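J.: Have a look; sequence and predicted model below, questions after that.
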Amino acid sequence: MTEATLEAPRGVGRRTTRIHGHDVPTGIHIGGRWVDLDATFEVTDPATGSAFAMVSDASETEALQALDAAVNAQHAWGSLNPRRRARLLRDAHDLVRERADAFIDVMVVESGKPRAEAAAEFELSVGFFEWAIEQVGHLHGDFGPGSNPGYRVVTSLQPIGPSLLITPWNFPMLMGARKMSAALAAGCTLVVKSAQQTPFTIALLVQALQDAGVPDGVVNLIHTTRSDTASTALLADRRLKKLSFTGSTAVGAHLLTLAAQHITHSSMELGGNAPFIVLDDADVDLAVREAVVCKFRNAGQACVAANRIILHRDIADEFTAKFTAAVETLKVGPGFADGVQMGPMISAQQRQRIDQLVRGAVAEGAELLTGGKAVPGEGFFYEPTVLRGVDRSSRLSCGELFGPVAVLYTVDSVAEAIEFANDTEYGLSAYLFTRDISRAVRIGEELECGMVGVNRGIMADPVAPFGGTKASGLGREGGDQGVKEFLEAHYIALTIDDERAQW
Ligand SMILES: NC(=O)c1ccc[n+]([C@@H]2O[C@H](COP(=O)([O-])OP(=O)(O)OC[C@H]3O[C@@H](n4cnc5c(N)ncnc54)[C@H](O)[C@@H]3O)[C@@H](O)[C@H]2O)c1
Ligand SMILES: O=C[C@H](O)CS(=O)(=O)O
């Protein structure tokens with residue numbers, strides 16, 4: 001394979017592919033140039049199961065070239081007046097908003113999600129840019145007295161430096177926006193590596209940043225089928241100063257071992273196994289509505305999806321009947337079809353994994369209340385499924401389901417609900433339905449996770465710290481911590497002569 005020729009003029013000769021009427025770059029982006037490589041890979045539409053475009057496939061050579069560009073651009077970008085950075089990000093934000101249809105349509109094609117969900121993801125993604133922009137001008141340090149005379153404590157917040165951002169496929173715009181907005185606001189240059197299933201939404205984001213005037217080399221993008229070799233090469237290079245990863249716990253753990261080489265500052269947004277607890281005093285109709293969204297958004301392929309629906313015995317029958325009936329009304333189909341509420345899974349492999357889990361559980365005695373099989377025809381559709389009678393030690397219960405399968409469990413007490421909820425290596429999100437807010441706070445405080453939704457199934461918000469504990473990750477995105485994940489405190493002990501300065 002010939003290596004990339006980085007002499008390609010800016011924007012000229014840039015190859016694009018047409019996706020639902022929108023032109024999207026197919027190359028990687030290094031040093032302000034779109035570069036199309038001889039090596040390419042196919043991208044599949046999950047609604048049809050067919051390849052719809054090709055995209056450049058970067059090797060570790062191009063990955064390191066992207067890091068070169070980020071390193072070369074770091075000093076200027078990190079030194080740029082923060083409010084100038086904010087203005088550039090605001091211009092990019094405005095361009096992204098102008099191009100909303102392109103982002104939403106491309107998300108539907110490459111991820112399969114219903115257009116209404118893609119539109120919601122678009123709004124949330126833009127919200128992270130707005131939130132980061134609002135924070136940039138306030139990234140001040142501090143000045144104050146030391147513990148003794150003779151000096152002052154001067155602290156500032158400095159950008160950590162060139163960052164590697166690795167994103168998953170399930171929320172292709174949101175994951176890129178959450179990381180890129182924070183890194184850029186903090187003054188870090190970056191190399192973003194897209195998920196190979198969903199390269200094009202990120203490409204649109206990079207294009208908007210370039211069109212807004214973000215300087216060459218600040219934002220670099222690689223697509224690759226060789227994530228491991230590319231990441232291994234990048235994390236072996238001590239010029240890389242930050243890793244921000246979103247994906248499975250297994251891959252996150254692997255990357256942390258690579259980051260250990262140079263103690264690379266790392267943020268990890270990993271897997272989840274969310275308990276969805278409905279107590280005896282809950283509003284059952286509300287809990288049913290929220291459980292449907294929390295479970296079946298993005299066909300269950302969400303890190304914060306309800307993985308174990310835990311019902312107090314007193315309301316279990318009512319909830320089960322209403323929830324199952326609601327699930328059976330879900331309209332499953334291609335993301336552009338009117339009224340579709342659930343799209344396909346991302347791949348045939350993921351669908352097969354889910355089908356095997358369901359069949360295995362039924363074989364072990366679980367009761368199938370609805371669904372339970374692949375939808376025949378093109379695409380990777382799977383019926384919204386509800387199971388009960390699953391062993392709490394089963395793979396269904398202990399692992400991250402990441403598919404359109406709801407598993408119902410019944411408990412006799414709050415204590416049993418809390419114990420079961422916490423009996424997992426994960427600690428990302430949890431949900432709690434009760435009419436008693438004092439009870440909600442007390443129980444919420446006992447749940448071992450980063451985020452608790454009380455009487456709601458969706459809680460993502462740029463102003464809130466998103467992230468988990470235990471095997472669900474390190475650090476937070478959004479909230480007052482998101483941008484700070486890309487900053488380091490810098491302390492100067494400034495000697496002064498307190499005595500001579502007397503008057
Ligand atoms: N906590 C969160 O905010 C959050 C959000 C979305 C998804 N997720 C998690 O992501 C997972 C689903 O996404 P996925 O299937 O893309 O996860 P994944 O871990 O398979 O891949 C995530 C990213 O890592 C890359 N990757 C895979 N193997 C790698 C390796 N050996 N070295 C370097 N990079 C590698 C992939 O190409 C992709 O870009 C689920 O576990 C989900 O819970 C977490
Ligand atoms: O997959 C996890 C995403 O972070 C989903 S959310 O929209 O942030 O809840």
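T.: Noted; the coordinates are in hand. Ligands and ions are numbered 1, 2, ... in the order given.

J.: ok now do the residue lying closest to Glu446 once chain neighbours are set aside, which residues does it touch?
T.: Closest residue in space to Glu446, ignoring its immediate chain neighbours: Ile418 at 5.1 Å, by CB to CB, 6 or more residues apart in numbering. Just so you know, the C-beta spots here come from the backbone N, C-alpha and C atoms, and that holds for glycine as well. The contact partners of Ile418, taken as CB atoms under 8 Å, 6 or more residues apart in numbering, are Ile443, Glu446, Leu447.

J.: all helices for the stretch 401-503 of the chain, in order.
T.: 414-422, 437-446 (DSSP state H, counting those that start in this stretch).

J.: swap in the chain?
T.: Remark: helices assigned in the chain by DSSP state H are 60-79, 82-98, 100-111, 115-136, 172-186, 200-211, 227-235, 249-259, 284-296, 313-328, 348-363, 395-398, 414-422, 437-446.

J.: right, so of the helices of the stretch 401-503 of the chain, which gets closest to Ile166?
T.: helix 414-422 (28.9 Å; CB to CB).

J.: Show the average pLDDT along the closest one.
T.: Across helix 414-422, the average pLDDT comes to 98.

J.: list the buried ones in that helix?
T.: Using 16 or more other CB atoms under 10 Å as the test for burial, helix 414-422 gives Val414, Ala417, Ile418, Phe420, Ala421.

J.: Distance to Asp480 added to the helices of the chain, as JSON lines?
T.: Formatted as JSON lines, these follow (distance: least, CB to CB, whole Å):
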{"stretch": "helix 60-79", "distance to Asp480": "21"}
{"stretch": "helix 82-98", "distance to Asp480": "16"}
{"stretch": "helix 100-111", "distance to Asp480": "27"}
{"stretch": "helix 115-136", "distance to Asp480": "8"}
{"stretch": "helix 172-186", "distance to Asp480": "11"}
{"stretch": "helix 200-211", "distance to Asp480": "24"}
{"stretch": "helix 227-235", "distance to Asp480": "28"}
{"stretch": "helix 249-259", "distance to Asp480": "23"}
{"stretch": "helix 284-296", "distance to Asp480": "26"}
{"stretch": "helix 313-328", "distance to Asp480": "36"}
{"stretch": "helix 348-363", "distance to Asp480": "35"}
{"stretch": "helix 395-398", "distance to Asp480": "33"}
{"stretch": "helix 414-422", "distance to Asp480": "27"}
{"stretch": "helix 437-446", "distance to Asp480": "20"}
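
J.: any idea which of these scores lowest on pLDDT?
T.: Per-stretch mean pLDDT for the helices of the chain is lowest at helix 395-398 (a mean of 93).

J.: Does that one reach ligand 1?
T.: No - interface with ligand 1: helix 395-398 contributes nothing (CB under 6 Å from any ligand atom), its closest point being 14.0 Å away.

J.: CA atoms of that helix as CSV?
T.: Output in CSV follows, covering the C-alpha atoms of helix 395-398 (Å, rounded to 0.1, in the frame of the first residue of the first chain):
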residue,chain,number,x,y,z
ARG,A,395,-24.3,-13.8,31.4
LEU,A,396,-27.5,-11.9,30.6
SER,A,397,-27.5,-10.5,34.2
CYS,A,398,-23.8,-10.0,34.8
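
J.: Summarise which helices and strands it is packed against.
T.: In terms of contacts (3 or more CB pairs under 8 Å, 6 or more residues apart in numbering; DSSP states H and E), helix 395-398 is packed against helix 348-363, strand 405-411.

J.: Only the buried residues of it, if you could.
T.: Using 16+ other CB under 10 Å as the test for burial, helix 395-398 gives Leu396, Ser397, Cys398.

J.: Kindly report the residues of the stretch 251-400 of the chain close to ligand 2.
T.: Selection of the stretch 251-400 of the chain residues close to ligand 2 by CB under 6 Å from any ligand atom yields Ala302, Cys303, Val304.

J.: Phi, psi for the second one please.
T.: Spelled out, it's Cys303. Backbone torsions for Cys303, taken as degrees, to the nearest 10, come to phi -60, psi -30.

J.: which residues in the stretch 401-503 of the chain form strands?
T.: With DSSP state E, counting those that start in this stretch, the ranges of strands along the stretch 401-503 of the chain come out as 405-411, 426-427, 429-433, 451-454, 469-470, 473-474, 487-495.

J.: Make TSV out of these and add mean neighbour count.
T.: Shown next, in TSV, are those (neighbours: other CB atoms under 10 Å):
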stretch	mean neighbour count
strand 405-411	24
strand 426-427	24
strand 429-433	29
strand 451-454	20
strand 469-470	16
strand 473-474	22
strand 487-495	13
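
J.: any chance of the ones you listed in JSON lines, with distance to Tyr382 too?
T.: Formatted as JSON lines, those follow (distance: least, CB to CB, whole Å):
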{"stretch": "strand 405-411", "distance to Tyr382": "8"}
{"stretch": "strand 426-427", "distance to Tyr382": "23"}
{"stretch": "strand 429-433", "distance to Tyr382": "23"}
{"stretch": "strand 451-454", "distance to Tyr382": "25"}
{"stretch": "strand 469-470", "distance to Tyr382": "29"}
{"stretch": "strand 473-474", "distance to Tyr382": "27"}
{"stretch": "strand 487-495", "distance to Tyr382": "42"}
